[in-house]
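Visitor: Let me see the structure of the following:
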Amino acid sequence: MIVLDPTDERAPAQREPLPRPASLDGARVGLLDISKARGNVFLDRLAELLAAQGVAVRRYAKPTFAKPMPPDLRREIAAECDVVIEALAD
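Guide: Numbering: from 1, shown residues only. The predicted structure follows:
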């Protein structure tokens, strides 16, 4: 698998994707809204579907899609979630 990183790195770091969990049972799932138009609509529906399956869901939002995620928000999500789903929409 090749993972493309859209940042402007002159010497890109090699990153291996983490393994996906076999199940979301017992997982803390974070839903990250990057603040693009209608991303919240998608995440609202996804949160409903996950909650109906008994999955614990936490919501997060970047202040703006135009800049990287603030480090404090990144640490908060990493400490509170096992899995994160990011929404892009327009």
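Visitor: Give me the distance between T64 and I77.
Guide: 17 Å (Cβ to Cβ, to the nearest Å). Every residue, glycine included, has its C-beta placed from N, CA and C.
Visitor: One more: P71?
Guide: 11 Å.
Visitor: Can you list the neighbours in contact with stretch 37-57?
Guide: 24-25, 27-31, 33, 59, 61, 85, 87-90 (Cβ atoms under 8 Å, 6 or more residues apart in numbering).
Visitor: Check the offset of the top helix by length along the chain from the chain's centre.
Guide: Using DSSP state H, we find that the single longest helix of the chain is helix 39-52. With Cα atoms, centre = their mean, to the nearest Å as the basis, helix 39-52 stands 13 Å off its chain's centre.
Visitor: residues contacting the residue nearest to M69 when sequence neighbours are not counted?
Guide: Distances taken as Cβ to Cβ, 6 or more residues apart in numbering place K62 nearest to M69, at 5.3 Å, with adjacent residues excluded. Counting by Cβ under 8 Å, 6+ apart, K62 touches L32, D33, I34, S35, M69, P70, L73.
Visitor: where does this protein have low pLDDT?
Guide: Confidence mapping of the chain against pLDDT under 70 gives the ranges 5-10, 12, 89-90.
Visitor: Run through the strands of it in chain order.
Guide: 28-33, 56-61, 83-87 (DSSP state E).
Visitor: among those strands, which is nearest P17?
Guide: Ranking these by proximity to P17 (Cβ to Cβ) places strand 83-87 first, at 12.8 Å.
Visitor: Which strands border the closest one, and is each parallel or antiparallel?
Guide: Its sheet considered, strand 83-87 pairs with strand 28-33 (parallel) by DSSP bridges.
Visitor: Done for today, thanks.
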